[in-house]
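In: Turn this into a structure:
(4 chains)
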2 protein chains.
Amino acid sequence: MHDDEFLRHYDASRFPRPSVAVDMTVLTVAGGHLYALLMRRDEPPQQGLWSLPGGFVGIGESLDGAAQRVLRDKTGLEGVYSEQLYTFGDPGRDPRTRIIAVAYVALVTAEQLADHTLARLRVPWEGETGGPIEALGEAGAALELAFDHGAILGTAVKRLRGKLDYAPIGFQLLPLRFTLRQLQAIHETILGRQLNKPSFRRRMLASGQLEATGALEQGTHFRPAELYRYLQRPDVERSVEP
Amino acid sequence: MHDDEFLRHYDASRFPRPSVAVDMTVLTVAGGHLYALLMRRDEPPQQGLWSLPGGFVGIGESLDGAAQRVLRDKTGLEGVYSEQLYTFGDPGRDPRTRIIAVAYVALVTAEQLADHTLARLRVPWEGETGGPIEALGEAGAALELAFDHGAILGTAVKRLRGKLDYAPIGFQLLPLRFTLRQLQAIHETILGRQLNKPSFRRRMLASGQLEATGALEQGTHFRPAELYRYLQRPDVERSVEP
DNA sequence: TGACTTATATGCAAAATAGATATATGCTGA
DNA sequence: TCAGCATATATCTATTTTGCATATAAGTCA
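Out: Next up is the predicted model:
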């Protein structure tokens, strides 16, 4: 193998190359609704429209690394769960030039997004049908989304629905200690349908992912529920996942 | 919005950009084994090693389009089912320069790969654990794989196992008309475990994806099985799928 | 025609699931 | 201190799904 010699003469600039960006879908659940973090574009193209936080991938930077960096720089969030979602690369998806976007999903608790603009998501399909979804502003009117970000959001919701019952998704959206009822509410919101209470309980407890803490919920006007904890320590887990 | 003016002055070459390629995982099933199409690299880097067919994405070409083109140019296959798998972008995964690879999985029948080099896949994990897998040559020895292609193959098998029971995967690996026993053999090979016959039958027939043709298998030395057909016409389906 | 081999159908037990109902528990306010 | 309240938690039953065993059917071949 003469890799060394070959590489000395390799000219990476012979062909025109697209730009590569990461787009972050930051989702949370609150009050029975799904929300996504959106930012108003303050420069062209598509100035004034709403978009997912994104940024270009550095030439020496891994995709997961770029995702974490963009998240930190644009939203201040650090060390949150995120995974690669899908890569959107239609020519023309961005009017500037050819930009291929590697989309990521990040899940955070509603408290972590207190200072950001959240848009309520309206999913116009059931189950895992898929397709673009709408983001609604305060008034309930649909926000105009930049680029193909409506499609990216739809893909994210579809992914969440698919992974919900075999991956530790709900836990990322809750504080470290939570009640089974809270976890069920998260699942119901993501799936967009009601679930049976005893059945959900059994399934969760049988999954081995949960551990009872013995502590009880505080501040209720009725019988408090027991607090549970996720066993795989969601505070440590990061972006992984092929 | 002054998008027009902005775009006239936009300089896409201000930042160094990675190259973007598609890598095709072409899989088939035969004789109880999973096989992948591999090509021997005949030029550096990593000359002599075995790799997935791949190629750079053209500047005006969609990712799905690039996948179909690479498949056609490198293997002669046209119009086969393929879907995007995952994007591999570690800096250093390719020694030439920064190359981000959007990996695709394509499924074809064994007959369609008659003229190509196939490597039997050995999956060292169960279920959907994930991780790189080995490709074995004729003699049964592991082939040395280029770049991160062992990891890409592992991701492809994990994806197939996950989608098998709710997506039309088995049909892509069979001729248009097939017996239930053949379909079950495909499932068993992909999953790496035996399945219950009456149970598999019931599940498939209840799924509504199959239609009995009335015709019977030919050339058996015993009772021939009925031939079934996939309802969504797999010969029409292409790359889709977020 | 009957032995052979596999497809297909049927029957039954075990397990998982949904749903309804009953019981337990902590809070509130008199 | 105690009844009433609201929700958590446990229990029970009907239904569906699944695995496994067995029976029957339908071709080939001698």
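
In: Does the lengthiest helix in chain A reach DNA strand C?
Out: If you go by DSSP state H, chain A has its longest helix at helix A:149-163. No: with CB under 7 Å from any atom of the strand as the criterion, DNA strand C is not reached by helix A:149-163; the gap is at least 14.7 Å. (Glycine included, C-beta is placed from N, CA and C.)

In: can you give me the angle that helix makes with helix B:149-163?
Out: Per axes from the mean of the first three to the mean of the last three CA atoms, to 10 degrees, the angle that helix A:149-163 makes with helix B:149-163 is 70 degrees.

In: Give me the residues contacting helix A:149-163.
Out: Residues outside helix A:149-163 that contact it (CB atoms under 8 Å, 6 or more residues apart in numbering or on different chains): A:23, A:25, A:27, A:34, A:36, A:50-52, A:85-86, A:88, A:101, A:103, A:105, A:121, A:123, A:127-135, A:145, A:169, A:190-192, B:242.

In: Inside helices: which ones of those residues?
Out: Using DSSP H, the members of the contacts of helix A:149-163 that fall in helices are A:I190, A:L191.

In: buried residues in stretch A:48-64?
Out: Neighbour counts over stretch A:48-64 (16 or more other CB atoms under 10 Å in any protein chain shown) mark A:49-58, A:61-64 as buried.

In: Do you know the pLDDT at A:R8?
Out: pLDDT recorded at A:R8 is 60.

In: Low-confidence ranges, chain A, go.
Out: A:1-14, A:233-242 (pLDDT under 70).

In: can we see that at 50?
Out: Within chain A, the ranges that satisfy pLDDT under 50 run A:1, A:233-242.

In: and the closest residue to DNA strand C within chain A, what element?
Out: Residue of chain A nearest DNA strand C, by CB to the nearest atom of the strand: A:R223 (2.7 Å). Per DSSP states H and E: A:R223 is located in neither a helix nor a strand.

In: Grab the nearest non-local neighbour of A:D94.
Out: Nearest residue to A:D94 in three dimensions, chain neighbours excluded: A:F147, at 5.7 Å (CB to CB, 6 or more residues apart in numbering or on different chains).

In: how would you label the one you found: helix, strand or coil?
Out: Applying DSSP: H, G, I helix; E, B strand; the rest coil to A:F147 yields a three-state assignment of coil.

In: For it, give me its contacts.
Out: Per CB under 8 Å, 6+ apart, neighbours of A:F147: A:Q46, A:S51, A:R93, A:D94, A:A101.

In: Same list (those) but as a markdown table, adding distance to A:A185.
Out: Formatted as a markdown table, these follow (distance: CB to CB, whole Å):
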| residue | distance to A:A185 |
| --- | --- |
| A:Q46 | 35 |
| A:S51 | 29 |
| A:R93 | 35 |
| A:D94 | 37 |
| A:A101 | 32 |
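
In: Compare the residues you listed and tell me which is most surrounded.
Out: Greatest neighbour count in the contacts of A:F147, by other CB atoms under 10 Å in any protein chain shown, goes to A:A101: 25 neighbours.

In: out of the contacts of helix A:149-163, which are buried?
Out: Counted by 16+ other CB under 10 Å, the contacts of helix A:149-163 give A:23, A:25, A:27, A:34, A:36, A:50-52, A:85-86, A:88, A:101, A:103, A:105, A:121, A:123, A:130, A:132-135, A:145, A:169, A:190-191, B:242 as buried.

In: and those near DNA strand C, which?
Out: Counting by CB under 7 Å from any atom of the strand, no member of the buried ones among the contacts of helix A:149-163 is near DNA strand C.

In: which helices and strands sit right next to the longest strand anywhere in chain A?
Out: Counting by DSSP state E, the longest strand found in chain A is strand A:19-30. When contacts are defined as 3 or more CB pairs under 8 Å, 6 or more residues apart in numbering or on different chains; DSSP states H and E, strand A:19-30 packs onto strand A:33-37, strand A:54-56, helix A:63-75, strand A:81-88, strand A:99-107, helix A:149-163, helix A:180-191.
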